[in-house]
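A.B. asks: dropping the sequence and predicted coords here.
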Amino acid sequence: MSQADRAKTVPKEKKKVVILYASQTGTCQEIAKGIAAEAVAAGLPAKARTQLTLSCPAYGFNEFGFENLNVEKAPIVVMVAASTGDGDPPDNSAKCLVQLKYGNLLHARKSNAPDLLKGIKFTCLGLGDSNYTKFCAVPKAFTRRFQELGADCFHPVIHIDEVDGIEEPVEKWCEELKPKLEAACKDELGGDKENTPDNIAPAPVATGTELVGVPAMLPCGISLVWESDATKSADIASAENSGPSAEALNYRDEKGLYSRATPFWATVSKCENLCNPTSDREVLHMELDLTGSGMVCHPGDSIGVSPLNSLELVDGILEQIGADGSKVFSVTNVDGSPAPGMLGHLRWPCTLRHALAAGCDITGVPKKSVLRMLAEYCSNQAEKQELLYLCSRGGKEAYKADIVAGQPSLLDLLKRFPSCKPPLDHLLEALPPLAERLYSLTSSQLTHPNAAHVAFSVVNFSTDRYGHHAGVATNWLKSICLDSSGACTKPRIAVFLRPNESFRPPQDLTAPLIMIGPGTGVAPFRGFLQERQAKLQDGADLGQAWLFAGCRRRDEDYLYQSELEGFARSGVLTHLIPAFSREQAEKVYVQHKMREYGAELCKLIMEPNSFVMVCGDGSHMAKD
């Protein structure tokens with residue numbers, strides 16, 4: 001046989017569909033996982049790992065790696081991306097976006113070749129919030145850079161506004177994507193779709209009209225390797241229980257830059273409840289000692305913390321699925337090959353109990369992909385059918401009423417569907433990472449040079465179906481910062497700074513400033529006013545400053561009342577206008593007070609250099 005004939009008999013490698021996401025809260029990750037599952041179930045050669053396996057959900061940009069963004073390893077790319085803050089890249093995509101802009105930093109390349117991505121076909125679904133000035137900044141940046149580096153768009157890029165709702169436009173775009181993906185793969189596939197792999201779970205066959213649009217499910221793409229050395233296991237468990245190492249406690253960054261992976265361990269020097277003890281509200285004021293950190297904070301910035309789940313909840317899950325939380329594991333790819341980047345948020349090797357406590361979101365509203373996975377492991381057919389319905393397109397309203405409104409924890413679901421016994425590898429892969437929590441600063445370093453103050457409501461609420469719910473981070477912080485008598489225990493906690501340049505006190509102190517802070521939304525303005533006070537004491541001239549502060553009653557939850565009144569007396573504030581919603585028969589909110597001063601506010605707002613700043617719970621404020 002000639003060389004030419006032999007070449008004809010060698011099958012061409014199939015084009016691979018790579019699904020990438022930039023996600024801080026998990027929404028884009030969930031959409032990307034759904035696209036990956038549908039692509040593989042349809043027979044498209046979806047790639048989600050460098051080993052070219054078909055069984056893994058989508059990649060975070062950093063996890064996939066900038067070095068793999070080339071036509072050989074990623075010829076067809078579907079991106080699902082959002083911003084965090086006001087236009088900042090999510091943690092799992094920031095490094096890759098920097099490299100796309102400036103080159104491979106590891107190899108000191110000054111810039112990328114202009115045809116670096118030539119031959120790649122791509123599309124992008126972007127999520128954003130039009131309340132922010134930099135709407136969809138990250139998806140726009142990825143799209144622009146892909147085009148600049150030679151990639152071609154094979155399906156229209158879309159930017160979806162969360163203000164208008166995302167479910168319907170996302171569903172429509174994903175449906176329209178399917179034939180475009182098939183067309184993009186057509187040349188290499190010879191006009192036929194690849195056979196669906198045996199281990200892909202197909203959508204169940206509908207019985208009557210009960211199940212419509214059940215999502216496909218990718219099988220687990222990782223394996224857990226259990227530590228057999230008892231000494232190693234004991235050492236790992238001991239390290240988890242003993243807290244941070246001396247090296248971690250003493251870590252200092254010379255530029256004062258810290259992250260979730262390399263935090264500064266700050267002492268909580270003060271923690272107290274700002275509300276009347278008789279109130280059912282609890283707002284904690286917490287002061288962090290940053291001495292020696294080199295951290296430079298500004299009012300409007302946020303302090304980040306990495307919380308822990310309730311150990312009672314974790315132990316309940318372990319009991320429900322019959323697992324030993326003390327066992328130590330590492331992670332490999334499903335074929336047993338090394339997987340150093342997979343499930344990195346678990347920081348394995350670790351105990352199973354630590355993984356659930358520190359690495360997994362077990363209390364957030366369960367994603368449909370999690371429900372789909374749980375359904376697969378129900379031995380009771382009725383339970384499986386109900387879970388499939390809840391995650392299906394036909395069960396959309398039931399999902400909203402039951403899951404979104406009820407907010408069940410993972411333990412709630414396992415108790416409701418007791419025949420569900422998911423394998424640990426698939427469970428850990430399916431659960432979203434436990435997200436960091438950000439708290440806006442309520443202080444200025446001009447007044448408190450070595451400290452950062454924050455304030456937060458301790459979250460506790462109930463739903464009709466699932467009963468009591470406790471906020472993860474706020475209850476964790478309360479438990480470690482206050483003893484049973486309410487005294488501060490002065491613990492050390494890992495913190496990092498998240499700057500927010502779009503929410504800062506105006507540099508022009510003479511510019512009219514209108515601040516609107518319902519509830520805990522008033523707390524960050526305390527930092528703004530401390531900054532103004534410090535500059536006033538240095539001889540600066542100040543313009544008008546108005547603050548509308550909302551609370552229930554002046555003797556219940558008027559946050560920072562004495563300080564705010566002091567700012568008004570000193571001239572730092574020209575108008576302090578509280579709104580007490582429950583001191584009279586009819587509720588009075590900040591917007592009612594603003595209406596009273598409408599003419600004056602209108603005149604101020606019309607001045608060309610004026611500022612209007614609103615801080616609070618946007619999801620509820622808009623409705624109110």
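C.D. replies: All right, it came through fine. Residues are numbered from 1 along each chain as shown.
A.B. asks: what about Ser457, how many residues nearby?
C.D. replies: Residues lying near Ser457 (other Cβ atoms under 10 Å) number 18. The C-beta positions use only the backbone N, C-alpha and C, and glycine is treated the same way.
A.B. asks: distance-wise, check it relative to Lys232.
C.D. replies: 42 Å (Cβ to Cβ, to the nearest Å).
A.B. asks: cool, Gly406 as well?
C.D. replies: Distance from Gly406 to Lys232, by Cβ to Cβ: 41 Å.
A.B. asks: between the two, which is the more surrounded one?
C.D. replies: The neighbour count for Gly406 versus Lys232, taken as other Cβ under 10 Å, is higher for Gly406 (17 against 12).
A.B. asks: residues contacting the more buried one?
C.D. replies: Contacts for Gly406 (Cβ atoms under 8 Å, 6 or more residues apart in numbering) come out as 463-466.
A.B. asks: now do 6 Å
C.D. replies: Gly406 sits next to 463, 465-466 when contact means Cβ atoms under 6 Å, 6 or more residues apart in numbering.
A.B. asks: between those residues, which is nearest Leu374?
C.D. replies: Taking Cβ to Cβ as the measure, Leu374 lies nearest Tyr466 of those, at 15.5 Å.
A.B. asks: roughly how far apart are the closest one and Ala239?
C.D. replies: Tyr466 sits at a distance of 35 Å from Ala239 (criterion: Cβ to Cβ).
A.B. asks: thinking again about what came up before, out of the contacts of Gly406, who's the most crowded?
C.D. replies: Using other Cβ under 10 Å as the neighbour criterion, Tyr466 leads the contacts of Gly406 with 19 neighbours.
A.B. asks: give me the phi and psi angles of the closest residue to Gly322 other than its chain neighbours.
C.D. replies: For Gly322, ignoring the flanking residues on the chain, the nearest one in space by Cβ to Cβ, 6 or more residues apart in numbering is Lys421 at 7.2 Å. Phi and psi for Lys421, reported as degrees, to the nearest 10, are phi -130, psi 80.
A.B. asks: so where's the stretch 451-600 of the chain uncertain?
C.D. replies: Nowhere does the stretch 451-600 of the chain drop to pLDDT under 70.
A.B. asks: pairing partners for the longest strand seen in the chain, with directions?
C.D. replies: Identified as the longest strand of the chain according to DSSP state E is strand 264-273. Using DSSP bridges, the strands paired with strand 264-273 are strand 283-289 (antiparallel), strand 492-498 (antiparallel).
A.B. asks: chain center to stretch 248-260, what's the gap?
C.D. replies: Chain-centre distance of stretch 248-260: 22 Å, with Cα atoms, centre = their mean, to the nearest Å.
A.B. asks: quick one: buried residues of that stretch?
C.D. replies: Neighbour-count burial for stretch 248-260, counted by 16 or more other Cβ atoms under 10 Å, picks out 251, 258, 260.
A.B. asks: show me where the stretch 251-400 of the chain has strands.
C.D. replies: 264-273, 283-289, 302-305, 328-333, 350-351 (DSSP state E, counting those that start in this stretch).
A.B. asks: minimum distance to Pro75: which of the ones you listed has it?
C.D. replies: Of all these, strand 328-333 comes closest under Cβ to Cβ, at 21.6 Å.
A.B. asks: what average pLDDT does that closest one get?
C.D. replies: Averaged across strand 328-333, pLDDT comes to 96.
A.B. asks: count of residues packed around the closest residue to Ala37 other than its chain neighbours?
C.D. replies: Nearest non-adjacent residue to Ala37, counting by Cβ to Cβ, 6+ apart: Ala216, 4.3 Å away. Residues lying near Ala216 (other Cβ under 10 Å) number 18.
A.B. asks: likewise His468?
C.D. replies: The local packing of His468 (other Cβ under 10 Å) involves 8 other residues.
A.B. asks: regarding the nearest residue to it once chain neighbours are set aside, what is its secondary structure?
C.D. replies: Nearest residue to His468, sequence neighbours excluded (Cβ to Cβ, 6+ apart): Ser462, at 5.1 Å. For Ser462, the secondary-structure state derived from DSSP: H, G, I helix; E, B strand; the rest coil is strand.
A.B. asks: count of neighbours near Ser462?
C.D. replies: Neighbour count of Ser462, defined by other Cβ under 10 Å: 10.
A.B. asks: the longest helix seen in the chain: how far from the chain's middle?
C.D. replies: As assigned by DSSP state H, the longest helix anywhere in the chain is helix 167-189. Taking Cα atoms, centre = their mean, one finds helix 167-189 lying 27 Å from the centre of the chain it belongs to.
A.B. asks: quick one: name whatever helix or strand follows that helix.
C.D. replies: The element immediately downstream of helix 167-189 (helix or strand, assigned by DSSP states H and E) is strand 222-226.
A.B. asks: so that following strand versus strand 328-333, what angle?
C.D. replies: Relative orientation of strand 222-226 versus strand 328-333 (axes from the mean of the first three to the mean of the last three Cα atoms, to 10 degrees): 150 degrees.
A.B. asks: please name every helix or strand in contact with strand 222-226.
C.D. replies: Packed against strand 222-226 by the contact rule (3 or more Cβ pairs under 6 Å, 6 or more residues apart in numbering; DSSP states H and E) you find strand 328-333, helix 424-430.
A.B. asks: what lies in contact with the first one?
C.D. replies: The list of residues contacting strand 328-333 from outside it, by Cβ under 6 Å, 6+ apart, reads 51, 222-227, 233, 236, 339, 342-343, 348-349, 351.
A.B. asks: least confident pick among the residues you listed?
C.D. replies: Minimum pLDDT across the contacts of strand 328-333 falls on Gln51, with 32.
A.B. asks: which pair in the contacts of strand 328-333 has the greatest spatial separation?
C.D. replies: Gln51 and Ser233 (28.1 Å).
A.B. asks: neighbour count winner among those two?
C.D. replies: Ser233 (18 against 14).
A.B. asks: residues contacting the more buried one?
C.D. replies: Shown in contact with Ser233 (Cβ under 6 Å, 6+ apart): 227, 328.
A.B. asks: recalculate using a threshold of 10 Å.
C.D. replies: The neighbourhood of Ser233, defined by Cβ atoms under 10 Å, 6 or more residues apart in numbering, consists of 226-227, 326-329, 349, 351.
A.B. asks: just the buried ones among those, please.
C.D. replies: Here, 16+ other Cβ under 10 Å leaves 227, 328-329, 349, 351 buried among the contacts of Ser233.
A.B. asks: does the residue nearest to Gly322 touch Glu383 like I think?
C.D. replies: No. Judged on Cβ atoms under 10 Å, Lys421 makes no contact with Glu383 at a distance of 11.2 Å.
A.B. asks: anything in contact with each of the two?
C.D. replies: Residues touching both Lys421 and Glu383 (Cβ under 10 Å, 6+ apart): Leu374.
A.B. asks: neighbours around Gln99, how many?
C.D. replies: 21.
A.B. asks: quick check, it in a strand?
C.D. replies: No. The assignment for Gln99, made by three-state DSSP, is helix rather than a strand.
A.B. asks: confidence score at it?
C.D. replies: 92.
A.B. asks: relative to Asn112, how far out is it?
C.D. replies: Using Cβ to Cβ, we find Gln99 at a distance of 8 Å from Asn112.
A.B. asks: overlap in contacts of these two?
C.D. replies: In contact with both Gln99 and Asn112: 66, 69, 145, using Cβ under 10 Å, 6+ apart.
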